[in-house]
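Colleague: any chance you could fold what I've pasted below:
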Amino acid sequence: MKDSTINRDIKFEKKKKGISTTSQIIIGFFVAILVGAILLTLPIATVDRNTNFLTALFTSTTSVCVTGLVVVDTFSYWSLFGKIVILILIQLGGLGVVAFTSSMLIMFNKKVSLKDRMVIQDAYNLNNLQGMVVFVKKVILGTFLMEFLGALLYMIEFIPRFGIKGIWYALFNSVSAFCNAGIDIIGNDSLMSFNSSPLVLITTMMLIFNGGIGFVVWWDFIDVLKKVIRKDISIKDFYRNLALHSRLVITVTFCLIFSGAFIVFILEYNNSMTIGSMSLGDKILNSLFQSVTLRTAGFAAINQGGLYESTSLIAMVYMVIGGSPVGTAGGIKTVTFAVLFFAVVAVVRGRNEAIVFNKSINFSLIKKSLAVSFISICAFFVFSVLLMVTNTVSLTDATFEVASAIATVGLSRGITASLNGIGQVIIIIAMYLGRIGPISMFVAFSNKYTIKNSMHYAEADIIVG
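Modeller: Predicted coordinates:
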């Protein structure tokens, strides 16, 4: 009797795994990309009314995966219809397929089932099922509000320069920046023509930062701010009253942004191909912008192909780290990086626990962080080798391109458009893997099912270091 019960449980678990929420998320992104590609192959989608499926697939993937790498100039190749499709795909990819579909259910007063709530939980990597509908509503409202404010700020610069088209450019740029997509329709040089405009660069940085910081940090920040306004706590206690996750994200984010800006400023100070010929103020502004855009945004204010190789190498590290969890950014995420950092500190100091802000880090988080980082690095290595084997590109250009794709950044040293068909497919897969997360792919398509038990193996006698 017990054996039959166990067998039924295992079969149920397998069936559940077969339609797991992780699989639904992965399939959802795939379907969105495929539908987008089909729409972009329509004659109405391009200026010359003709395109090939691979170009449409690449563009759809880079839009849904909010990456920004492009094989054709977005502003001149695609028609208004094509650009609208791209904008919708960016918005869908930034919010996430799950949040987008859930918002449709909410909008039409449809019931959000327990299964839908579980999918939302997995999509945003949340710890419990409470308040899923409210969370999605906040995400949608907060996203549209930030994009609206960003568009208004862009209009101040774009309308005088482009006329009535400036409104459309401002809206597109705002959505692309907040979703960390890095796709623009202004010209073929991204934001290089605006590298001396504080308004455009600061607005873009604000949108990138707010999109990449993570929705959970938003609500925590606002809740604590309300306490300050009500005088429940003093302003000096603001930071201490934030949740540990928020404090960790904010601390790591600012450390990465300012350290990255300092490194770019020092290394590129005399580089005439990037910031060398700029005024001191513009050098500081563009160094800061470069550091922020490396956080999976993809807008370029300086020529990425002109960066020194030393700067490019450091840029890859910042790209791979990426933004923060539960946001629009990619990469292994700031919290993953922080967990590994404090785990290393614990080993170096001979501690039994990794400590952050006087709290111990659960060992399961360390294991997950190791898995995410290891798989990402392996994918980065494999795709870089494949790109160099199939295309005539240098080591720096290939690794920069792959790091940008896997971390869904979108910056390029100018080789994307010259890649052959195989190279484009490699980057498409890298972008897709980067958006859904490499560990999600392994979990979704694994044929092994875990059965919890109390069995323990003898410890292995291994020497490391």
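Colleague: tell me who's in contact with residue 170.
Modeller: Residues near residue 170 by CB atoms under 8 Å, 6 or more residues apart in numbering: 150, 151, 152, 154, 155, 158, 159. Using the backbone N, CA and C atoms, a C-beta is placed for each residue, glycine as well.
Colleague: if you set the cut-off to 6 Å instead, what comes out?
Modeller: 151, 154, 155, 158 (CB atoms under 6 Å, 6 or more residues apart in numbering).
Colleague: helix or strand right after the top helix by length along the chain?
Modeller: Ordering each helix of the chain by length in residues (DSSP state H) puts helix 132-162 first. The first helix or strand that comes after helix 132-162 along the chain, using DSSP states H and E, is helix 165-178.
Colleague: going by neighbour count, list what's buried in that following helix.
Modeller: 166-178 (16 or more other CB atoms under 10 Å).
Colleague: will you turn those residues into JSON lines that also has pLDDT and distance to residue 409?
Modeller: JSON lines is the format used below for these (pLDDT from 0 to 100; distance: CB to CB, whole Å):
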{"residue": "166", "pLDDT": "95", "distance to residue 409": "27"}
{"residue": "167", "pLDDT": "96", "distance to residue 409": "28"}
{"residue": "168", "pLDDT": "96", "distance to residue 409": "25"}
{"residue": "169", "pLDDT": "96", "distance to residue 409": "22"}
{"residue": "170", "pLDDT": "96", "distance to residue 409": "23"}
{"residue": "171", "pLDDT": "96", "distance to residue 409": "23"}
{"residue": "172", "pLDDT": "96", "distance to residue 409": "19"}
{"residue": "173", "pLDDT": "96", "distance to residue 409": "17"}
{"residue": "174", "pLDDT": "96", "distance to residue 409": "19"}
{"residue": "175", "pLDDT": "94", "distance to residue 409": "17"}
{"residue": "176", "pLDDT": "94", "distance to residue 409": "13"}
{"residue": "177", "pLDDT": "94", "distance to residue 409": "13"}
{"residue": "178", "pLDDT": "93", "distance to residue 409": "15"}
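Colleague: residue 39 contacts residue 86, doesn't it?
Modeller: No - in this structure residue 39 lies outside contact range of residue 86 using CB atoms under 6 Å: 9.6 Å.
Colleague: of those two, who's got more company?
Modeller: Neighbours per residue (other CB atoms under 10 Å) separate residue 39 from residue 86, with residue 86 holding more: 27 against 19.
Colleague: remind me which helix or strand the more buried one belongs to.
Modeller: With DSSP H and E as the test, residue 86 turns up in helix 80-95.
Colleague: packing partners for that helix?
Modeller: helix 21-40, helix 53-64, helix 165-178 (3 or more CB pairs under 6 Å, 6 or more residues apart in numbering; DSSP states H and E).
Colleague: so which of those helices is nearest residue 423?
Modeller: helix 53-64 (10.4 Å; CB to CB).
Colleague: tell me the buried residues in the following helix or strand past the closest one?
Modeller: For helix 53-64, the following helix or strand on the C-terminal side (DSSP H and E) is helix 74-77. Buried residues in helix 74-77, counting neighbours by 16+ other CB under 10 Å, are found at 74, 77.
Colleague: that older thread, turn the helices and strands packed on helix 80-95 into a markdown table, including distance to residue 92.
Modeller: Converted to a markdown table, those look like this (distance: least, CB to CB, whole Å):
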| stretch | distance to residue 92 |
| --- | --- |
| helix 21-40 | 6 |
| helix 53-64 | 6 |
| helix 165-178 | 11 |
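Colleague: and those helices: which comes nearest residue 370?
Modeller: That would be helix 21-40 among these, by CB to CB, at 19.1 Å.
Colleague: chain center to the closest one: distance?
Modeller: Chain-centre distance of helix 21-40: 17 Å, with CA atoms, centre = their mean, to the nearest Å.
Colleague: again, but for stretch 137-151
Modeller: Worked out by CA atoms, centre = their mean, stretch 137-151 lies 17 Å from the chain centre.
Colleague: ranges for the strands of the protein?
Modeller: 355-356, 359-360 (DSSP state E).
Colleague: and the contacts of the first one?
Modeller: Judged by CB under 6 Å, 6+ apart, the contacts made with strand 355-356 from elsewhere in the structure are residue 342.
Colleague: over to the last one?
Modeller: The list of residues contacting strand 359-360 from outside it, by CB under 6 Å, 6+ apart, reads 244, 353.
Colleague: same question for stretch 270-287.
Modeller: Contacts of stretch 270-287 (CB under 6 Å, 6+ apart): 195, 196, 201, 261, 264, 265, 268, 301, 302, 303, 306.
Colleague: out of those residues, who's nearest residue 335?
Modeller: Once CB to CB is applied, the member of these that ends up nearest residue 335 is residue 261, at 21.3 Å.
Colleague: can you redo the contacts of stretch 270-287 as JSON lines with distance to residue 76, pLDDT and neighbour count?
Modeller: Formatted as JSON lines, these follow (distance: CB to CB, whole Å; pLDDT from 0 to 100; neighbours: other CB atoms under 10 Å):
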{"residue": "195", "distance to residue 76": "21", "pLDDT": "92", "neighbour count": "21"}
{"residue": "196", "distance to residue 76": "24", "pLDDT": "94", "neighbour count": "14"}
{"residue": "201", "distance to residue 76": "24", "pLDDT": "96", "neighbour count": "22"}
{"residue": "261", "distance to residue 76": "32", "pLDDT": "97", "neighbour count": "20"}
{"residue": "264", "distance to residue 76": "30", "pLDDT": "97", "neighbour count": "28"}
{"residue": "265", "distance to residue 76": "33", "pLDDT": "97", "neighbour count": "18"}
{"residue": "268", "distance to residue 76": "29", "pLDDT": "97", "neighbour count": "24"}
{"residue": "301", "distance to residue 76": "20", "pLDDT": "93", "neighbour count": "29"}
{"residue": "302", "distance to residue 76": "22", "pLDDT": "94", "neighbour count": "24"}
{"residue": "303", "distance to residue 76": "19", "pLDDT": "93", "neighbour count": "16"}
{"residue": "306", "distance to residue 76": "23", "pLDDT": "94", "neighbour count": "17"}
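Colleague: nearest to residue 218 among the residues you listed?
Modeller: Once CB to CB is applied, the member of the contacts of stretch 270-287 that ends up nearest residue 218 is residue 201, at 22.5 Å.
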